[in-house]
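Novice: mind looking at a prediction? Sequence and model below.
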Amino acid sequence: MRTPPADRFELTDPAISRAILQAADDAIVIATAADALSGPMRIVFANAAYLEMTGFALRDLLDRRPPVATRKAVDREVMDRIGAKLALGQPFREELQIKRKDGSPLWVDVSVRPLHDASGKLTHWVSVQRDITEHKVAIEALARHARELEETQTLARIGSWRWEVGSDVIDCSAETCAMAGLPRARALVPFAGLAGVTDPKDFRTIKSTLQKTVALGKGQSFEYPIFTAVSGTRIIWAHTYPERDASGVVVAVSGLNQDVTERLRIEQSMRWNASHDRLTGLINMTELHERAVGVFAAAEAEGAQVVLALIDLDHLKLVNDTLGHAVGDALIREAARRLLEALGPHGHIARLGGDEFVFLGGARHSHEAISEQMRLIVERLRQPFDHQDRQLDCMASIGVVVAPPDSARFDTLMRNADMAMYRVKESGRGGFCFYSSDMQDVVDRRMAQQDLAKLVVSSKLAVPHFQPQYSLRHGRVVGFEALMRLEVGDRILPPQSIEYAFENVDLATRLGDEMLRKVLDQMRHWTAQGFDFGRVAINASGMELLGKDYADRVLDALRRAGVPPRCLEIEVTENVLIGRGAERLIEALQKLRSAGVSVALDDFGTGYASLTHLKALPINKIKIDKSFVSDITLDQEDAAIVSATVGLAHALSLGVVAEGVETVEQASFLRNCGCDIIQGFLFGRPAPAEALDLPHIAAQGEGSPLLRRA
C-alpha cells in the first residue's frame, strides 16, 4: 500500500473533524435530517462557540430540536420560508431572533446547509451562526432616530428650499410647499406662486433678501406673513445660506423655513401672563413697577404730583370661607372691573395679589378732588351685584398717598399707602385715608426695629427662655415652650421689640434658624444629662414658614443635632395658616408632621379660623389663648368657651394646651373640663435653661389637688 504524501491532510478522522469544529470562532450546530424512520430533526453536535453564545450546556441541547425548527422561536413568515427550504433539502440563510438560556433575546445570522451520504441521501443539516445582536440594535436605533427626526421636522414645521441665481423658480421641499398652501410634495415653485400668498411689500422683502445674500455672501434671517385659504395668516421665519462654486462666486442660495406662528402666539401669551393677573386681566405689580417710571416722568413734566392708592377688599376671606373661592373670585373680578372703569382713564390699575389692588397716576387735581374721587370709589365698590342669585358687595379700605414725583420712590409710596390703609382698617374699614407725616412714626419704629433685629441676628443675641408645660393627666411636667428673648447689653427684651422684623422673610428666617439651633443644642445637652424633657415647642412666624424649604431646614437641623423629631413641636398662629401663602405653609407643616414633629395651633380663638380650617389643618393640638383663661373662674362666657373648645378639640382627636394659667383655681377648672396640658406662671416663668430648677419643676404637681377632679 502506498503511503499518502506528507503534504496531504485527510479529514476522515472523526477526532480531527470534531477538533476543527470546536476550534471554529463561529457557532456551529449539526442536526439529523427529519424522516419517517428517525423522526424530527435532533441536535447531535454543538461546538463551544455556540454554547458560549447561547449559554446552554451541551446536555441541554443533545437530542432536542434546533430553535430554527421551533415555531415559538421565530415568526410565521420566517418559519414558512425555512420550512419550505428544509422540505426541499436546500441551503438557506436567515437573520433570526432566538433566546439564550436566560431568556434574553439574541439575533443571529444563520447559514444552514444540507449533508448527504455516499448514496446522496440527506442525513444531516449543518448550521453556522454569528451573533449580530449589536448590529441589529444599532440598525434599529438608526431607524428610530430617523423616524424621530422626521417627526420632529413635521412637528416643528421646518421646510427647506434652494434658488439658483438668475432662476425664476425655487426648488421647495414638501413642507415648504405646504406652508405656501400648495400640495405637500417637493416641487419647483415659480416666484409668482409666492407672490400670490404674500403681501407685495413682503414679497419684495423676500427677493431683496435673496439678492442681499448673493451680494454680501452672508446668510440672512427674516420673517414674513403668508396668507392661504386653508391656514389663514401664518408667520414664517426664514434663513438663507449662500452656495459658492469652486472660484468662490455665489451661484445659489439655500435656506430653511419654519412656521413660527404658534411660537409667536405662545411668546405673546407668556409676555401677557408675565405682566398681567390672569384672574382679572389687570396688570401685575411687576408691570406697574415698569410703568411707574413713565408716570413719574409725565407728572414731573406737567408740574403735577403722583397719587398712589392701595385698595384692600374687606372681608374677602369671609366670602371665601362661607361661599367658596369661586364666589370670592367673582367678587375680585367685579371689583377689578369697577376700579378699571372709575380709575383706568386716570392712570394704571394693578392687582397686588389676594384682595389688594393698586392705583398709580398723576395727581392733576386738588386734594379735595382726589378725596371726592376716593369717596366715590368706596361707594361704587360698596354697591351690591348679583352673582348666581346672590347679592354680593365688595366694601374696601383704601390708603392714599400723594407726593411730588422728583422725591417719590415707588416702594416708599407703597409703604406709606399701606400705613394709611391699615389706619382705615383700625377705624372700622370701608373708607379711605390719606397718608400723613404722623404715620411716619410707625415707619420709623419699623425701621428701628429692623435695625435692632439685624444686630440681634449678626451678634446672635436671640436666646431661648423655657417655660414648663404641665400634664393634668399625668401630673408632671411633660415639656417646655421655648420663648425668644433678646439679650441686648444688660437688658432682656421680649420679641415684641422687633415685631416688625418678622414681616421680613430674610430676618424672620435667620431669627428662627438661630432660635431653633440653640433650642436643639439645649435639648441635646439635656439628653446627655439624662434629663427627660419630653417635648419642646418653638414658635414659627408666618414669614419664616414662607421661607425657602422651611420643613427641610428643620428636619436637617434635627438630624445634625441628633434630636428625634418627636421631641420638637412647631407652634403657629391660626391667622398665619389661613393668610397669604397658606397652601405652602400647610404643605411644609404636613411634611414636618409626617416626619414626627408635632404641630400646635397657637393663640386659638383670637384669629379667624373656622371649624372647616380646624378640621383641615395639619395640627396635633391647639393652645387656648390666655385671654380666655384669665377669667374662666369669674366669667361664665369665658368658661363656656374654654369648655366647648376642649370638647371640640378632643372630638377632632386634638390635644389641648391652656396658656396663662396663674392660679390653682384656674388649673382645677381646666383639669375638670378635661384640658390635657397647662402652662403659665403657676408652674414657672420663662427662664434660661441654666436657671431652671428642674427637680423642683418636676415635683410641683405631686400630691397637688390638681390631680383630683372637683
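Specialist: Yes, it's here.

Novice: let me know the helix or strand that residue 258 is in.
Specialist: strand 250-259 (DSSP states H and E).

Novice: over to residue 381?
Specialist: helix 367-382.

Novice: OK, contacts around the residue nearest to the spatial centre of the chain?
Specialist: Closest to where the C-alpha atoms of the chain average out (Cα atoms, centre = their mean) is residue 584, at 11.5 Å. By Cβ atoms under 8 Å, 6 or more residues apart in numbering, the contact set of residue 584 is 545, 546. The C-beta positions use only the backbone N, C-alpha and C, and glycine is treated the same way.

Novice: which other helices and strands contact whichever helix or strand residue 400 is part of?
Specialist: Take DSSP H and E as the rule and residue 400 turns out to sit in strand 396-403. Contact partners of strand 396-403 among helices and strands, from 3 or more Cβ pairs under 8 Å, 6 or more residues apart in numbering; DSSP states H and E: strand 305-313, helix 367-382, helix 410-426, strand 432-434.

Novice: how about the third one: buried residues?
Specialist: To tie it back to what came earlier, the one meant is helix 410-426. Within helix 410-426, the residues that count as buried by 16 or more other Cβ atoms under 10 Å are 410, 413-424.

Novice: can you show me the CA trace of the strand holding residue 400 as PDB?
Specialist: Provided in PDB are the C-alpha atoms of strand 396-403 (Å, rounded to 0.1, in the frame of the first residue of the first chain):
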ATOM      1  CA  ALA A 396     -62.900  98.300  50.500                       C
ATOM      2  CA  SER A 397     -60.400 100.100  52.700                       C
ATOM      3  CA  ILE A 398     -58.200 102.500  50.700                       C
ATOM      4  CA  GLY A 399     -54.900 104.100  51.700                       C
ATOM      5  CA  VAL A 400     -53.900 107.100  49.600                       C
ATOM      6  CA  VAL A 401     -50.600 108.900  49.300                       C
ATOM      7  CA  VAL A 402     -49.800 112.000  47.300                       C
ATOM      8  CA  ALA A 403     -46.200 113.000  46.700                       C
END
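
Novice: tell me the mean pLDDT over it?
Specialist: Mean pLDDT, computed over strand 396-403, is 91.

Novice: repeat for stretch 565-585
Specialist: Averaging pLDDT along stretch 565-585 gives 79.

Novice: same thing with stretch 487-502?
Specialist: When pLDDT is averaged along stretch 487-502, the result is 88.

Novice: flag every buried residue along the one helix or strand residue 128 maps to.
Specialist: Taking DSSP H and E as the criterion, residue 128 maps to strand 122-131. Buried residues in strand 122-131, counted by 16+ other Cβ under 10 Å: 124, 125, 126, 127, 128, 129, 130, 131.

Novice: returning to that earlier point: closest to residue 614 among the buried residues of helix 410-426?
Specialist: For these, the minimum distance to residue 614 (Cβ to Cβ) is 27.4 Å, reached by residue 422.

Novice: who's the closest spatial neighbour of the closest one, skipping the chain neighbours?
Specialist: Spatial nearest neighbour of residue 422, excluding adjacent residues (Cβ to Cβ, 6 or more residues apart in numbering): residue 399 at 7.2 Å.

Novice: wait, the one you found sits on residue 435?
Specialist: Yes - the pair residue 399 and residue 435 qualifies as a contact (Cβ atoms under 8 Å) at a distance of 6.7 Å.

Novice: shared neighbours, these two?
Specialist: 416, 417, 419, 420.

Novice: hmm, who's touching the strand holding residue 400?
Specialist: 305-314, 335, 363, 367, 370, 374, 377-378, 381-382, 412-413, 416-425, 429-435.

Novice: got the angle between that strand and helix 410-426?
Specialist: Taking axes from the mean of the first three to the mean of the last three Cα atoms, to 10 degrees, one finds strand 396-403 and helix 410-426 inclined to each other by 140 degrees.

Novice: quick one: strands adjacent to strand 396-403?
Specialist: According to DSSP bridges, strand 396-403 forms sheet pairs with strand 305-313 (antiparallel), strand 432-434 (parallel).

Novice: quick one: average confidence on the last one?
Specialist: Over the span of strand 432-434, the pLDDT mean works out to 90.

Novice: how's the chain carved up into domains?
Specialist: Domains of the chain are assigned by automatic domain parsing as 14-132, 157-265, 302-435, 452-703.

Novice: is it possible to get TSV of the buried residues of helix 410-426 that adds distance to residue 554?
Specialist: Output for the buried residues of helix 410-426, formatted as TSV (distance: Cβ to Cβ, whole Å):
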residue	distance to residue 554
410	36
413	37
414	32
415	31
416	36
417	36
418	31
419	34
420	37
421	34
422	31
423	37
424	38
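
Novice: just the residues you listed now: which is nearest residue 644?
Specialist: Checking the buried residues of helix 410-426 against residue 644 with Cβ to Cβ, the nearest one is residue 422 at 32.3 Å.

Novice: please work out which of the strands paired with strand 396-403 is packed deepest.
Specialist: Most buried of the strands paired with strand 396-403, by mean neighbour count (mean count of other Cβ atoms under 10 Å): strand 305-313, with a mean of 25.

Novice: ok and it relative to helix 367-382, angle-wise?
Specialist: Relative orientation of strand 305-313 versus helix 367-382 (the same axes, to 10 degrees): 20 degrees.

Novice: and whichever helix or strand comes after strand 305-313, what's buried?
Specialist: Where DSSP H and E defines the elements, the next helix or strand beyond strand 305-313 is helix 316-323. Neighbour counts using 16+ other Cβ under 10 Å place 316, 317, 319, 320, 321, 323 of helix 316-323 among the buried residues.

Novice: need the nearest residue in space to the last one, chain neighbours excluded.
Specialist: It stands for residue 323. residue 390 (7.5 Å).

Novice: quick one: neighbours of the one you found, just the number.
Specialist: Neighbours of residue 390 under the rule other Cβ atoms under 10 Å: 11.

Novice: now do the phi/psi pair for it.
Specialist: The phi and psi values for residue 390, taken as degrees, to the nearest 10, are phi -130, psi 140.

Novice: could you do residue 294 as well?
Specialist: Main-chain torsions, residue 294, degrees, to the nearest 10: phi -70, psi -40.

Novice: helices of the stretch 151-300 of the chain, start to end?
Specialist: Secondary structure of the stretch 151-300 of the chain (DSSP state H, counting those that start in this stretch): helices at 174-179, 191-195, 200-216, 261-275, 285-302.

Novice: how about residues contacting stretch 249-260?
Specialist: Residues outside stretch 249-260 that contact it (Cβ under 8 Å, 6+ apart) are 156-165, 175-176, 179, 210, 213-214, 217, 223, 234-245.

Novice: rewinding a little: can you redo the domains of the chain as TSV with distance to residue 143?
Specialist: Listed next are those as TSV, based on distance: least, Cβ to Cβ, whole Å:
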stretch	distance to residue 143
domain 14-132	14
domain 157-265	21
domain 302-435	52
domain 452-703	46
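
Novice: residue 278: which of these is closest?
Specialist: Residue 278 sits nearest to domain 302-435 of all the domains of the chain, at 9.7 Å, using Cβ to Cβ.

Novice: so how far does the closest one reach from one end to the other?
Specialist: 23 Å (Cα to Cα, to the nearest Å).

Novice: just give me how far it sits from the chain centre.
Specialist: The gap between the average C-alpha position of domain 302-435 and the chain average comes to 32 Å, counting by Cα atoms, centre = their mean, to the nearest Å.

Novice: swap in stretch 88-103?
Specialist: On Cα atoms, centre = their mean, the centre of stretch 88-103 falls 52 Å from that of its chain.

Novice: list the contacts of it.
Specialist: Residues from elsewhere that reach stretch 88-103, judged by Cβ under 8 Å, 6+ apart: 33, 53-56, 60, 67-68, 73-74, 78, 81-82, 85, 105-114, 122, 132, 136.

Novice: weed out the non-buried ones from those.
Specialist: Here, 16+ other Cβ under 10 Å leaves 33, 53-54, 56, 67-68, 73-74, 78, 82, 106-110, 112, 114, 132, 136 buried among the contacts of stretch 88-103.

Novice: from those residues, which land in helices?
Specialist: 53, 54, 78, 82, 136 (DSSP state H).
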